[in-house]
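Visitor: how would this look folded up:
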Amino acid sequence: MSQDDDKRRAALAAADEVKDGMLVGLGTGSTAVFLIDELGRRFAGGLRFRAVATSLSSEAQAKALGIEVLPFADVAAIDLAIDGTDEIDPQFRAIKGAGGAMLREKCVAASATRMIVIADGSKQVAQLGTMPVPCETLPFALAFVRAAVERLGARVVLRTKSDEPYRTDQGNFVLDCHFGPIAAPAELAAQLSSIPGMIGHGLFIDEVDAFYISDAGQLIVKERLLSD
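Guide: The predicted structure is shown next:
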């Protein structure tokens with residue numbers, strides 16, 4: 001059982017939550033690719049739903065499969081969001097954004113009545129922080145934001161592509177912020193959100209309602225309890 005097999009298994013299981021008439025948020029990343037392909041097959045088979053997308057790449061994939069994709073700018077709320085993750089802990093807190101779409105992903109997740117994470121087993125962690133926290137940053141404020149995050153204790157790396165600063169779908173820069181083990185994710189998320197010029201970050205504290213994780217062929221489905 002390969003990692004891709006696990007990603008596909010988790011994606012196909014979560015696709016069962018998409019019902020006729022829903023407005024669905026489509027995630028971004030390698031696991032979301034499997035999800036969108038599966039939903040395209042189900043759409044072709046008669047399942048009727050509409051979607052919003054968290055990235056231009058996911059939008060293009062969905063449209064190529066015949067799925068109607070609405071501009072999120074015209075949408076105030078959606079029924080269901082399904083997306084991948086880079087890390088997720090037992091408290092349903094996650095780090096997202098290795099693909100650079102964390103700001104759109106967070107907007108879509110926050111608008112959803114229900115948010116599901118799909119992943120392979122490697123994404124489960126006891127404590128967040130093995131991965132850096134991606135922070136989408138206004139280019140105008142790059143140096144200021146970088147210094148502010150460094151004061152919080154991070155080693156900050158400007159993400160690049162082909163030796164140029166990587167640009168998000170919004171045209172902004174991404175700072176990959178290496179904090180190491182994060183003892184208080186909610187506190188750190190609030191600190192990052194308070195920095196002027198930082199437009200969004202990849203810490204998802206309370207957006208995730210459930211996760212579908214396949215680990216070596218074993219599907220694990222967990223729901224956030226109301227007390228979590």
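Visitor: contacts, neighbours, all on C-alpha from now
Guide: Noted.
Visitor: next helix or strand past the lengthiest helix in the chain?
Guide: Counting residues, the longest helix in the chain under DSSP state H turns out to be helix 30-44. For helix 30-44, the following helix or strand on the C-terminal side (DSSP states H and E) is strand 50-53.
Visitor: Show me what that next one is packed against.
Guide: With contacts defined as 3 or more C-alpha pairs under 8 Å, 6 or more residues apart in numbering; DSSP states H and E, the packing partners of strand 50-53 are strand 23-26, strand 68-69.
Visitor: Report the angle between the longest strand along the chain and helix 30-44.
Guide: Ranked by number of residues, the top strand in the chain under DSSP state E is strand 112-120. Between strand 112-120 and helix 30-44, the angle comes out at 120 degrees (axes from the mean of the first three to the mean of the last three C-alpha atoms, to 10 degrees).
Visitor: Using PDB, write out the CA atom coordinates for strand 112-120.
Guide: What follows is strand 112-120, C-alpha atoms only, in PDB (Å, rounded to 0.1, in the frame of the first residue of the first chain):
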ATOM      1  CA  ALA A 112     -18.300  25.700   5.600                       C
ATOM      2  CA  THR A 113     -21.000  24.100   7.800                       C
ATOM      3  CA  ARG A 114     -18.700  21.100   7.900                       C
ATOM      4  CA  MET A 115     -14.900  20.900   7.200                       C
ATOM      5  CA  ILE A 116     -13.200  17.500   6.500                       C
ATOM      6  CA  VAL A 117      -9.500  16.900   6.300                       C
ATOM      7  CA  ILE A 118      -8.300  14.000   4.100                       C
ATOM      8  CA  ALA A 119      -4.800  12.700   4.400                       C
ATOM      9  CA  ASP A 120      -2.400   9.700   4.500                       C
END
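Visitor: what lines up beside that strand in the sheet?
Guide: Sheet pairing here is set by DSSP bridges, and for strand 112-120 it gives strand 78-83 (parallel), strand 210-215 (parallel).
Visitor: Now the last one: average pLDDT?
Guide: Mean pLDDT, strand 210-215: 96.
Visitor: roughly how far out does it sit from the chain middle?
Guide: Put simply, strand 210-215 sits 14 Å off its chain's centre (C-alpha atoms, centre = their mean, to the nearest Å).
Visitor: Which strands and helices lie in contact with the very next helix or strand once past it?
Guide: Using DSSP H and E, the next helix or strand after strand 210-215 towards the C-terminus is strand 218-223. Applying 3+ C-alpha pairs under 8 Å, 6+ apart, one finds that strand 218-223 contacts strand 210-215.
Visitor: Can you pull out the residues in contact with the strand it packs on?
Guide: 6-7, 9-11, 13-14, 92, 115-122, 219-224 (C-alpha atoms under 8 Å, 6 or more residues apart in numbering).
Visitor: picking up where we left off before, now render the strands paired with strand 112-120 as a markdown table, adding mean neighbour count and distance to residue 132.
Guide: Output for those, formatted as a markdown table (neighbours: other C-alpha atoms under 10 Å; distance: least, C-alpha to C-alpha, whole Å):
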| stretch | mean neighbour count | distance to residue 132 |
| --- | --- | --- |
| strand 78-83 | 24 | 19 |
| strand 210-215 | 24 | 21 |
